[in-house]
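Trainee: Make a model of this:
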Amino acid sequence: MTDTVTTTVEVATNAGHEALELTRDQTMALVEERGDAWVFAQGGMMNPAQLADADWATVGTVRIVPGLVGGFC
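Mentor: Next up, the predicted model:
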C-alpha cells in the first residue's frame, strides 16, 4: 500500500470557498486550471514553480484565490 501525501487546499470562489485534500499533482493541475489565480502557502504568495518545488510533507494549507486587479476609477 502506498502512502500518498496530501494537503488541505482552500479554493476561494465568488460563492465562498471549498476545502479539499489533494496530492501535489492534483493541486498543480488546479493551479494551472485557474491560471490567473493567486496561490498562497508557507506564509506567503508563491508562483506555481515555487509551489511545485515545495516540500509537500510540510507545505501546509495551500490557498488559491482569484487574482485582484486594482486601478483608478
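Trainee: rest of the way, CA atoms for contacts and neighbours
Mentor: Noted.
Trainee: Could you check how far His17 is from Arg63?
Mentor: For His17, the distance to Arg63 (CA to CA, to the nearest Å) stands at 10 Å.
Trainee: So if I had to pick from these two, which one is more boxed in?
Mentor: Neighbour count, other CA atoms under 10 Å: between His17 and Arg63, Arg63 has more, with 21 against 13.
Trainee: Which neighbours do His17 and Arg63 have in common?
Mentor: Glu10, Val11 (CA atoms under 8 Å, 6 or more residues apart in numbering).
Trainee: what's downstream of the lengthiest helix in the chain, the next helix or strand?
Mentor: Identified as the longest helix of the chain according to DSSP state H is helix 24-33. Following helix 24-33 in sequence order, the next helix or strand is strand 38-41 (DSSP states H and E).
Trainee: what lines up beside that following strand in the sheet?
Mentor: Applying DSSP bridges, strand 38-41 is found paired with strand 44-46 (antiparallel), strand 62-65 (antiparallel).
Trainee: Okay, now the unreliable bits of the chain?
Mentor: 1-2, 73 (pLDDT under 70).
Trainee: one more time with 90, if that's ok
Mentor: Applying pLDDT under 90 to the chain flags residues 1-5, 13-15, 35-36, 56-57, 67-73.
Trainee: coming back round to it: tell me the helices and strands packed up against the longest helix of the chain.
Mentor: For helix 24-33, the packing partners by 3 or more CA pairs under 8 Å, 6 or more residues apart in numbering; DSSP states H and E come out as helix 48-53.
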